[in-house]
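# Next input, structure requested:
(2 chains)
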Amino acid sequence: MFQDSTSFWCFALSGLLFAIGAIGTITRRNVIVIFMCIELMLNAVNLVFISAGSALSSMDGSIFVFFIMTVAAVEAAVGLAIFVMVFRLRETVNADEVNLLKG
Amino acid sequence: MADYIWLIPLFPALGFIINSAFSHRASKTFVAWVACLAIFFSFLTAVAIFCQFLELPAAARIFERDIYTWINSGELRVPIGFRIDALSIIMCLVVTGVGFLIHVYSVGYMHDDPGFKRFFIYLNLFVFMMLLLVTGNNLLLMFVGWEGVGLCSYLLIGFWYEKDSAANAGKKAFIVNRVGDFGFLLGVFLLFVTLGSQGIWTLKFTEIESHAHLINGAAVTVITLLLFVGAMGKSAQIPLYVWLPDAMEGPTPVSSLIHAATMVTAGVYMIARLNYLFSMAPDTMFVIALVGVLTAFFAASIGFAQYDIKKILAYSTISQLGFMFLAVGVGAYGAGIFHLMTHAFFKGLLFLGAGSVMHAMSGELDIRKMGGLRKKTPVTYWTFFIACLAIAGIPGFSGFFSKDEILWQAFNSGHGHTLLWLLAAVTAGMTAFYMFRLFFGIFHGECRADEEVKHHIHESPKVMTIPLSILAFLSLVGGYVGIPHLLGGGNHIERFLAPLFGPVTQHAAAGGFSIVSQAWAAAEAGATESSLEPFLMLLSVVIALVGITIAYILYLQKPELPRRFAARFSRLYHVVHNKYFVDEFYNFLFVRGILRIGAFLLRVVDIGLIEGLVNGTAAVIQRMGAKLRRLETGDVQQYAVGIIAGAFIVVGFIVGYFIAMMYMMA
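Next up, the predicted model:
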């Protein structure tokens, strides 16, 4: 799998980025930041696709990346709209305080 | 015209639908008009068909038409179809004609009742079901009507449901009828299967008739006995008569329409409709005649010691129904239907008259607190008088002709017996006695009511007295359709019905059906001797007059005599007054045990098992939910932790699996 050091480093970097994103998603309180962390995770995955595609000399990885970027853009638009509405209603975007949906 | 026979039941159904859909917005007047017109239109349709019948030759007087296939499952094909023949048309005319008059009367009688609209809705539904019963062309449709009238009877007996006694009477009627209906249903099943095993899967009357000879003697006896059990329930015969006296808790027009004129005669109609089956079962016929005459006698004797005006009429109804069963039991179906018709007139009239009396007496029912109403309520007086003469069997009135026909048939028919005749004749005398006891008690003598009630005594409004007068007219002349040959009449009704009730030998001979038919043929042959007829007729008139005279002496001339008599035979009086303790006996024998079983089932099975199971399941789920709901904190980041942890576990598992595989390969 790790024939050359370039793809190894690429995978390592995306793993690192993904971990940063995941930890950020869990620990940060501001939903905007959480959102950014989720984007970071998505892009870490994109990086894996790109580098794997390059290592295997295949275009499939790049096609996946295009799709993911499109969906991510749409998702960002919807997500931000939701946050705007949440802020209007609750006057906060702190994830700890937005917990009405509980048992 | 045959294409329009389904209009007869359609009109009341429409009335029912319109009234139940709009009653909350419509005025009382509207509801009353719709209800009365619905019945009137179906009466007109029936009259039109009847007129057409008269022009047709006797054999062509059957209109039959299927309008819809109701059930189509394998061999079982049940149409919704109607059949009008001589028998159904008479029933239709009685039901819609008397029904219409009673509807009109109810407009006056129920005028101030808060349930006015509900009353007419039920009444129209009842007439619809009754017409379905008499016009349906197959047993299943008849059964629908049969159950439908039972339902309406229940609803209308318990019409004033806030009264405990009325609600209980409704339940009693329904439950006692259920016993009979169970028998009826078993009879229908057995008939269906018995014919089916011969390859004839049918419930249609026409086909049953043409294939009746395929059923063997034992099966037909069992089938007819089971069907008769149904008739016992619906038509209040021993031992299932106990519900009818209690049914008097309903409004008086209901007692008149359902519990005197129409519904309770359904059993007689059913037997007449299936006469070819019954004629094949002499044993059943004997049971029917015996039950009929015993019921007639037994109920009449209870009528002696009652004081409630409606209860007396109720026992009188049971007694008269007994006469009808006696008639069909000795094979005189025509006489039974004839008496059914005249009875509808005079008994309907008696009940309406009783309603008018109650109206005058501020709802009083006890004849000991009445008397002397003759002057103040003249129309009620005269109409009641005519009805009493009719039921007592005074010559010239309708009851005389029909009752005398029954008595004569009971004596003379090959299936009759002198003892049957004797008991029936004695009962006829008793009928005259208790009816005139009632009559004198209400209208003659001193008024025994309270001053306040006395002050309010008044004749009923026109809307009530006009139906009374019309029914009185019918009670007077209704018998002229059946004047026996002896008195120079043509006995038209008998001739009209003859194609349906022709000698059973026709059917039996067609199928080569031997033993029973031979017995029957012999009986038919023996039933021509009629030299005794004038003598017996005279005798029955004398018996009726004697009954009236005794009532006159006991209750007008020497009113202290009955009291002394009651004191003298106090034990007998006590037993009769309490209706021979039959209700108590049934309570002891059936009701208590069943109630105890019911209480046991309620406590152990229902509350313990079923409710425990259902509630237990709910409780477990609820308690688990209470614990598990804590997991749902509403904090998205905790869910994110869950997702990531889950991902780690899944990925870790896969990776671990591959590593393990690699070691194993190596």
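# Would you work out how far apart the start and end of stretch A:25-36 are?
Start and end residues of stretch A:25-36 are separated by 8 Å (Cα to Cα, to the nearest Å).
# Can you list the buried residues in that stretch?
Judged by neighbour count (16 or more other Cβ atoms under 10 Å in any protein chain shown), stretch A:25-36 contains these buried residues: A:25, A:28, A:31, A:34-35. All C-beta atoms are positioned from the backbone trio N, CA, C, and that covers glycine.
# and which of these is nearest to B:Ala296?
Taking Cβ to Cβ as the measure, A:Val31 is the one of the buried residues of stretch A:25-36 closest to B:Ala296, at 92.3 Å.
# I figured the closest one hits A:Val98, correct?
Yes. Using Cβ atoms under 8 Å, A:Val31 is in contact with A:Val98, at 7.4 Å.
# Common neighbours of these two, please.
Counting by Cβ atoms under 8 Å, 6 or more residues apart in numbering or on different chains, the shared contacts of A:Val31 and A:Val98 are A:Val86.
# Okay, strands next: where are they in chain B?
Shown for chain B, the strands assigned by DSSP state E span residues B:63-73, B:76-84.
# Select, out of the ones you listed, the one closest to chain A.
Closest to chain A of these, according to Cβ to the nearest Cβ: strand B:63-73, at 51.0 Å.
# Strand partners (parallel or antiparallel) of that closest one?
Here strand B:63-73 has these sheet partners by DSSP bridges: strand B:76-84 (antiparallel).
# sorry, back to before: can you redo the strands of chain B as TSV with mean neighbour count and mean pLDDT?
Output for the strands of chain B, formatted as TSV (neighbours: other Cβ atoms under 10 Å in any protein chain shown; pLDDT from 0 to 100):
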stretch	mean neighbour count	mean pLDDT
strand B:63-73	13	87
strand B:76-84	21	89
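# By residue count, which helix of chain A is the longest?
When chain A is parsed with DSSP state H, its longest helix is helix A:60-90.
# Show me what counts as buried in that helix.
Across helix A:60-90, burial judged by 16+ other Cβ under 10 Å covers A:61, A:64-65, A:68, A:72, A:79, A:83, A:86.
# Next: stretch B:110-120.
Buried, per 16+ other Cβ under 10 Å, within stretch B:110-120: B:110, B:116-120.
# tell me which of those residues is nearest to chain A?
Within the buried residues of stretch B:110-120, the smallest distance to chain A is 48.9 Å, found for B:Arg118 (Cβ to the nearest Cβ).
# Excluding chain neighbours, what is closest to residue 42?
Looking at chain A here, since you left the chain open. A:Ala72 (5.2 Å; Cβ to Cβ, 6 or more residues apart in numbering or on different chains).
# that's the wrong chain, I wanted chain B
B:Phe11 (4.1 Å).
# One more: B:Gly547?
Excluding the flanking residues, the one nearest B:Gly547 by Cβ to Cβ, 6+ apart is B:Ala432, at 3.1 Å.
# separation between that neighbour and B:Gly303?
11 Å (Cβ to Cβ, to the nearest Å).
# hmm, back to that, does the residue nearest to B:Gly547 really touch B:Tyr552, like I thought?
No. Contact criterion Cβ under 8 Å: B:Ala432 and B:Tyr552 do not qualify, at 10.6 Å.
# Looking at these two, which one has more neighbours?
Under the criterion of other Cβ atoms under 10 Å in any protein chain shown, the comparison of B:Ala432 against B:Tyr552 puts B:Ala432 first, with 28 against 17.
# Give the residue farthest from the middle of chain B.
Taking Cα atoms, centre = their mean, the residue of chain B most remote from its mean C-alpha position is B:Ala666, at 93.4 Å.
# Quick one: residues contacting that one.
Per Cβ under 8 Å, 6+ apart, neighbours of B:Ala666: none.
# try B:Gln306
When contacts are counted by Cβ under 8 Å, 6+ apart, B:Gln306 is found next to B:312, B:315, B:577.
# which among these gets closest to B:Tyr68?
B:Tyr315 (42.2 Å).
# now that closest one, nearest residue through space, not along the chain?
B:Gly303 (4.1 Å).
# Distance of the one you found relative to chain A?
Distance of B:Gly303 to chain A, computed by Cβ to the nearest Cβ, to the nearest Å: 73 Å.
# and B:Phe119, what does it touch?
By Cβ under 8 Å, 6+ apart, B:Phe119 lies in contact with B:106, B:110, B:113, B:156, B:159, B:251.
# go on, B:Ala13?
Contact analysis of B:Ala13 by Cβ under 8 Å, 6+ apart lists B:124, B:128.
# tell me which parts of chain B are close to chain A?
By Cβ under 8 Å from any Cβ of the partner chain, the residues of chain B that approach chain A are B:628-637, B:640-641, B:644.
# Out of these, which end up buried?
The neighbour-count test (16+ other Cβ under 10 Å) marks B:635-637, B:640 as buried among the residues of chain B next to chain A.
# Can you pick out the ones from the residues you listed that are in helices?
Short answer: these in helices (DSSP H) are B:636-637, B:640.
# between the contacts of B:Gln306, which is nearest chain A?
B:Tyr315 (69.1 Å).
# I'd assumed B:Phe298 was in contact with that closest one.
No. Using Cβ under 8 Å, B:Tyr315 makes no contact with B:Phe298, being 9.0 Å away.
# The two: who's more crowded?
Each of B:Tyr315 and B:Phe298 has its neighbours counted (other Cβ under 10 Å); B:Tyr315 has more, 26 against 21.
# how far away is the more buried one from B:His359?
Using Cβ to Cβ, B:Tyr315 is found at 22 Å from B:His359.
# same check, this time on B:Ser413
Distance, B:Ser413 to B:His359, by Cβ to Cβ: 43 Å.
# related to what we said a few turns ago, I'd like to know how many residues surround the residue nearest to B:Ser42.
23.
# quick one: contacts for it?
B:38-39, B:41-42, B:45.
# In a markdown table: those, plus neighbour count and pLDDT.
Shown next, in a markdown table, are the contacts of B:Phe11 (neighbours: other Cβ under 10 Å; pLDDT from 0 to 100):
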| residue | neighbour count | pLDDT |
| --- | --- | --- |
| B:Ala38 | 29 | 94 |
| B:Ile39 | 27 | 95 |
| B:Phe41 | 19 | 94 |
| B:Ser42 | 28 | 94 |
| B:Thr45 | 22 | 93 |
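# could you redo those as CSV and give each row distance to B:Arg495?
CSV is the format used below for the contacts of B:Phe11 (distance: Cβ to Cβ, whole Å):
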residue, distance to B:Arg495
B:Ala38, 32
B:Ile39, 29
B:Phe41, 29
B:Ser42, 26
B:Thr45, 24
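# Just name the closest of those residues to chain A, please.
Checking the contacts of B:Phe11 against chain A with Cβ to the nearest Cβ, the nearest one is B:Ala38 at 59.0 Å.
# State the distance from the closest one to B:Val95.
Distance, B:Ala38 to B:Val95, by Cβ to Cβ: 13 Å.
# list residues touching both of the two?
Counting by Cβ under 8 Å, 6+ apart, the common neighbours of B:Ala38 and B:Val95 are B:Val127.
# What angle do strand B:76-84 and the top helix by length along chain B make with each other?
Longest helix in chain B, counting residues (DSSP H): helix B:164-196. With axes from the mean of the first three to the mean of the last three Cα atoms, to 10 degrees applied, the angle from helix B:164-196 to strand B:76-84 works out at 110 degrees.
# Alright, calling it a day.
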